[in-house]
Structures are given as structure tokens and as C-alpha cells.
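Colleague: got a structure for you, letters missing:
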């Protein structure tokens, strides 16, 4: 297989990260809080990729499924113009309240709207079009999120999905047969062959799916 990742080493990844220099203090605080509270937040490489995607497509409207303490939200909001808006959905108010504090510290709280509720219930209430959608929440609900997000995206809009390698469990490199793992495997097959998407899975972080919505 050409372009295999097998030649990459931990030193290569550390080298790439070193080129970027230190993260802003607010990101360091969020990393520490996420680790301390076992809160699922995206890896730094995924955050950087989301930032680049936002700028690459000139995203002004983003919808996010799964906020937690707002780490990925912050990466995207910082990459948007001042009049851009991220609509992020999460039912855990204690975490989103904490997220607001971090966003305020970073100076982008006015670019972010929190929808407190379950995404499968809240997505149908939103009005598009959005330029970018980011999915990172309950794995058994991934296919449901995608089906609700796609009608909200403009043609040529992008959908990004985290955790598609699922720490080796999706491929079977790590043995697993639980609900979330099986849901990820099913989602991956659907995602890369979806008739409305030109999609692939990048070996970034824990596996980042990226798809572009095809014009009708």
C-alpha cells in the first residue's frame, strides 16, 4: 500500500508539533482540565486541522455536535472572521458553562452559540446553510447525526468527524466488540461511500473523517 503511515515514528509527530511552538495558555488550561476530569476533547492535531479547514473553505457558519468544555469549538472560532458563528450542541450544561469561561478568556465568546440539548432532537430545529459541520459525540448516534447534518450543509460544505479509528478498535488492531466500536465500523463504511459525499478518513489524532458535500 502506497503512502502508508508505517514509516512514521513518535519522533516525527513530536517534530511536527514542535514546529508550531507552544499553544496559547487557554489551550493549555483546557488540556489540563480535560486530562484531570477525563473529559473527551480532540487531540491538538485535530484542533489544528479543524482550524485549517475553517480557513480553507472560508467558513462563516459552523455547526458542532458535542461541545464538552469547548476545545474544538475554540479552535474553529479563532479561525473564523469576527462575524462568524459556531453553533455547538451539547446537553451537559456544567461543561458548556465551563466552556463559556474559556471562550471568554480567548475573546471569542460572541462567535459561539450553545444549544443545550440532545443533538438528535436539536439538529432538526436548526436552519442552514452551514459551511462546516463537526461531529464528536455519542458514537452509536453518529449515523443519525450525519443524516441530520447533511441537509444543513451547503453544496461544497464540509463535514468532519472525530474518533473514526477509535484507538485501533475500528480496524481490529485492538480487539473490541462493543456497541460504540460496532457503530464506528458501520459509520465508517457508510461515510466513505456516502452518495452525497466525497469523503475519506485521515490518520490524524484518533482518525478524522473529512467529507465534502457534492452538488445535487
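Modeller: Sure, I can see it. Just so it is clear, the model here is predicted, and its values are computed rather than measured.
Colleague: list the contacts for the residue nearest to the spatial centre of the chain?
Modeller: Geometric centre of the chain, nearest residue: residue 134, 4.2 Å, by C-alpha atoms, centre = their mean. Residues in contact with residue 134, defined by C-beta atoms under 8 Å, 6 or more residues apart in numbering, are 50, 62-65, 72, 76, 159-162. From N, CA and C alone the C-beta is placed, and that goes for glycine too.
Colleague: ok so it is a strand residue?
Modeller: Yes - using DSSP: H, G, I helix; E, B strand; the rest coil, the assignment for residue 134 is a strand.
Colleague: any figure for the gap between it and residue 8?
Modeller: In this view, residue 134 and residue 8 are 25 Å apart by C-beta to C-beta, to the nearest Å.
Colleague: ok, now residue 67?
Modeller: 31 Å.
Colleague: quick one: which of those two has more around it?
Modeller: Taking neighbours as other C-beta atoms under 10 Å, residue 67 and residue 8 compare with residue 67 leading, 27 against 11.
Colleague: element containing that one?
Modeller: According to DSSP states H and E, residue 67 maps onto no helix or strand at all.
Colleague: can you tell me the closest non-neighbouring residue to residue 70?
Modeller: residue 99 (2.9 Å; C-beta to C-beta, 6 or more residues apart in numbering).
Colleague: who does the strand or helix carrying that neighbour touch, helix- and strand-wise?
Modeller: Secondary structure from DSSP H and E places residue 99 in helix 93-106. Packing contacts for helix 93-106, counted by 3 or more C-beta pairs under 8 Å, 6 or more residues apart in numbering; DSSP states H and E, involve helix 25-36, helix 71-79, strand 112-115.
Colleague: where does the chain have low pLDDT?
Modeller: 1-6 (pLDDT under 70).
Colleague: can you give me the strands in it?
Modeller: 61-65, 85-89, 112-115, 130-135, 153-161, 197-202, 208-213 (DSSP state E).
Colleague: so which of those gets nearest residue 26?
Modeller: Of all the strands of the chain, the one in closest proximity to residue 26, counting by C-beta to C-beta, is strand 112-115 (13.6 Å).
Colleague: which residues touch the nearest residue to residue 171 once chain neighbours are set aside?
Modeller: Excluding the flanking residues, the one nearest residue 171 by C-beta to C-beta, 6+ apart is residue 165, at 6.8 Å. By C-beta under 8 Å, 6+ apart, residue 165 lies in contact with 171, 201, 203, 206-207.
Colleague: residues near residue 147, how many?
Modeller: Neighbours of residue 147 (other C-beta under 10 Å): 13.
Colleague: same check, this time on residue 194
Modeller: Neighbours of residue 194 (other C-beta under 10 Å): 17.
Colleague: can you offset everything so residue one is 50?
Modeller: Okay, residue one is now 50; in that scheme the one you just asked about reads as residue 243.
Colleague: circling back to that earlier point, mean neighbour count, the strands of the chain: which tops it?
Modeller: With neighbours defined as mean count of other C-beta atoms under 10 Å, the strands of the chain peak in mean count at strand 110-114, which reaches a mean of 27.
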